[in-house]
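Undergrad: when you get a sec, could you give me coordinates for this:
(2 chains)
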Amino acid sequence: MTDKNIKVRFPPSPTGEWHFGNIRTFVFNYLFAKKNGGEIVMRFEDTDIARNKPGSDILQLELLKKMGMDFDEGPYYQSQRKDIYKNELQRLIDNGTAYEAEENQAGTGKLIRIKNPKKDIVWNDLIKGEITIASDSFKDEKGNFDFIIARSINDPLYHFTVVVDDWLMGITHVLRGEDHVTSTPRQMVIFEALGAPVPLFGHLPTILSSENKKKLGKRNGAIPVREYLDQTYLPDAILNMISLLGWNPGGDQEIFTRKELIEKFSLEKVQKSPAIFNASKLDWLNKEHMKLLGDEVFAKEIKDRLSKRFTNESIIEKLIPSIKERIVKWLDIDTMLEAGEFDFAFKSPSFDKQMLICDERMRKGTEVTDETVSNHLKNIVTKLETIPEEKFDAETVKTTLWDYATENGRGIVLWAMRIALSGREKSPDPFQISAIIGKTETTVRLTNASKL
RNA sequence: GGCCCCAUCGUCUAACGGUUAGGACGAAGCGUUCUCAAUGCUUAAAUCGGAGUUCGAUUCUCCGUGGGGUCACCA
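TA: Got it, this is the predicted structure:
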């Protein structure tokens, strides 16, 4: 079911970077357009020169690209369309729906106000249903019912430029944040004055900050989406996360590919009430999406990152499985790398001999001396000597040592072995380490430790 | 405050007017285990309140309460 006539828009103002609240609106427009075979127009609303941040349009475009969200038309810049607005403004004055009022504050001309139709304005919101707002609500503090649409004939304001553009660009569906609900009747009045068809409106519930449950914004710690990308969260995981914020196709499924999201999206299933962004779910989703990528991608990411510090490729290769299960995002590999968590694989550890003795919890009351530990390590070496070089894998090492460890206290024996091999309190198990570093290195490290 | 919108576990949410109100994240506990992870199992956790309609309301209506949005010569 596609409708070639559907056309939506992305209309950001270039005033900074997007957070989840901003991009969520674009995601829903994107999903809606893709689902229905519609088109997307990109348009920068930069009529307030004072608020614009130079370069942020580029940043926003880059983010869209990184997220894999494309558009079909534009980007337009409203600042380059002043002639169009001027003509339309003049037309409204001529047809009597708007008029020039008092001098503006800047003293650069006369304000243009639009006549209040003095009626209830009703529309059927795609998400919220029928909404009625009386045009009397346009009244400002000074009691003026006719709201301002331009500072002067050369200086149009937001409501006016939006309407003119949506009309001229053939926008059929305006999907935007709930914060625009009260500006919708004003814009409908402008559409009417222009003699333009009114598009369909759908107002998405706001995303609230977990901090103070207010609309997400720079003030309450809204993190730019770019930072999540920088932290190597997957675009598809972010897309999945955002989509589920205020929308759900109706079942128990949580993991959606981009394709599935597009297939299943529908405005009817959009929630009416605001949602709070929950970062820990993103971690989980990201992990799930990494799994979807497959083993080769894991291998490549891990190799690329480890080879920045280490050169022994066969060891890097052996490290892959144990890394794979520990990470939530690619950046975690770098973090672990910097924390020295992989050093044991490439060089002998140095550690204090106290560490070889496991703590009370593991030795369960048994007295352990340096000497017993030393003997255990020597015995382990003796047993490992019996394994042929080519059969020195984790499984074989384990079966070779298991009974001995069990008889003498697994906590005592295996802890000592693991420390002797890794020098770390937290690491993969000693059998895996042995397999990674190989027979020779294993026996050398164990022997050295037994002499401490 | 006026106007508009909304209301299910802590969070995201599911449930033709009939379900022991389901799932997921997170949390807790247990199992496995030498550690950390991972994994498996288990548990706790919600229909805002009050009327009404109905044989029967999470679901429909009204009132209350609560939350959010918005009230610029910003967008």
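Undergrad: neighbours of the closest residue to A:Phe310 other than its chain neighbours, how many?
TA: Leaving out its chain neighbours, the residue that sits closest to A:Phe310 by C-beta to C-beta, 6 or more residues apart in numbering is A:Phe346, at 5.2 Å. Just so you know, the C-beta spots here come from the backbone N, C-alpha and C atoms, and that holds for glycine as well. When neighbours are defined as other C-beta atoms under 10 Å, A:Phe346 has 17 of them.
Undergrad: lowest confidence element among the helices and strands of chain A?
TA: Of all helical and strand segments in chain A, the minimum by mean pLDDT, DSSP states H and E falls on helix A:360-363, at a mean of 70.
Undergrad: now the phi/psi pair for the residue nearest to A:Phe310, please.
TA: Here is the backbone geometry of A:Phe346 (degrees, to the nearest 10): phi -110, psi -20.
Undergrad: quick one, domains of chain A?
TA: A:7-78+A:206-287, A:81-204, A:294-342, A:353-450 (automatic domain parsing).
Undergrad: Throw those into CSV and include mean neighbour count, thanks.
TA: Compiled in CSV, those are given as follows (neighbours: other C-beta atoms under 10 Å):
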stretch, mean neighbour count
domain A:7-78+A:206-287, 18
domain A:81-204, 17
domain A:294-342, 16
domain A:353-450, 17
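Undergrad: would you single out the least confident of those domains?
TA: Ranked by mean pLDDT, the domains of chain A bottom out at domain A:353-450, which scores a mean of 87.
Undergrad: so how far is RNA strand B from the residue nearest to A:Phe310?
TA: A:Phe346 sits 18 Å away from RNA strand B, going by C-beta to the nearest atom of the strand, to the nearest Å.
Undergrad: contacting residues for that residue?
TA: A:Phe310, A:Asn312, A:Ile315 (C-beta atoms under 8 Å, 6 or more residues apart in numbering).
Undergrad: ditto for A:Val397
TA: By C-beta under 8 Å, 6+ apart, the contact set of A:Val397 is A:Leu384, A:Ile387, A:Pro430, A:Phe431, A:Ser434, A:Ala435.
Undergrad: give me that answer again for 6 Å
TA: Contacts for A:Val397 (C-beta atoms under 6 Å, 6 or more residues apart in numbering) come out as A:Phe431, A:Ser434.
Undergrad: surely it is in a helix?
TA: Yes - the assignment for A:Val397 is a helix, going by DSSP: H, G, I helix; E, B strand; the rest coil.
Undergrad: which strand or helix spans A:Glu100?
TA: Per DSSP states H and E, A:Glu100 falls inside strand A:98-103.
Undergrad: who's the closest spatial neighbour of the residue in the stretch 351-452 of chain A that RNA strand B sits nearest to, skipping the chain neighbours?
TA: For the stretch 351-452 of chain A, the residue closest to RNA strand B is A:Asp429, as judged by C-beta to the nearest atom of the strand, at 2.4 Å. By the measure of C-beta to C-beta, 6+ apart, the closest residue to A:Asp429 outside its immediate chain neighbours is A:Arg418, 6.8 Å from it.
Undergrad: distance of the residue of the stretch 351-452 of chain A closest to RNA strand B from A:Ser322?
TA: The spacing between A:Asp429 and A:Ser322, counted by C-beta to C-beta, to the nearest Å, is 9 Å.
Undergrad: can you give me the strands for the stretch 51-200 of chain A?
TA: A:73-77, A:98-103, A:110-114, A:120-125, A:129-134, A:148-152, A:155-156, A:173-177, A:200-204 (DSSP state E, counting those that start in this stretch).
Undergrad: the stretch 201-350 of chain A now?
TA: With DSSP E, counting those that start in this stretch as the criterion, the stretch 201-350 of chain A has strands spanning A:207-208, A:275-276.
Undergrad: which residues in the stretch 251-400 of chain A form helices?
TA: A:258-264, A:279-293, A:295-306, A:313-324, A:331-338, A:343-346, A:360-363, A:370-385, A:394-408 (DSSP state H, counting those that start in this stretch).
Undergrad: as TSV, those helices with distance to A:Asn248 would be great.
TA: Formatted as TSV, the helices of the stretch 251-400 of chain A follow (distance: least, C-beta to C-beta, whole Å):
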stretch	distance to A:Asn248
helix A:258-264	10
helix A:279-293	13
helix A:295-306	28
helix A:313-324	30
helix A:331-338	29
helix A:343-346	44
helix A:360-363	44
helix A:370-385	55
helix A:394-408	43
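Undergrad: nearest to A:Gly107, out of those helices?
TA: For A:Gly107, the closest of these is helix A:279-293, at 49.0 Å, according to C-beta to C-beta.
Undergrad: the closest one to helix A:295-306, inter-axis angle?
TA: Using axes from the mean of the first three to the mean of the last three C-alpha atoms, to 10 degrees, the inter-axis angle of helix A:279-293 relative to helix A:295-306 is 110 degrees.
Undergrad: which residues are contacting helix A:279-293?
TA: A:Tyr233, A:Leu234, A:Asp236, A:Ala237, A:Asn240, A:Met241, A:Ile255, A:Val328, A:Lys329.
Undergrad: gap between the fifth one and A:Arg24?
TA: By that I understand A:Asn240. For A:Asn240, the distance to A:Arg24 - C-beta to C-beta - is 12 Å.
Undergrad: so A:Gly38 versus A:Lys391, what's the distance?
TA: Taken as C-beta to C-beta, the span from A:Gly38 to A:Lys391 is 62 Å.
Undergrad: which parts of the stretch 1-150 of chain A sit against RNA strand B?
TA: A:13, A:45-48, A:51, A:78, A:102, A:104-106, A:111, A:128-134, A:137, A:140-141, A:148 (C-beta under 7 Å from any atom of the strand).
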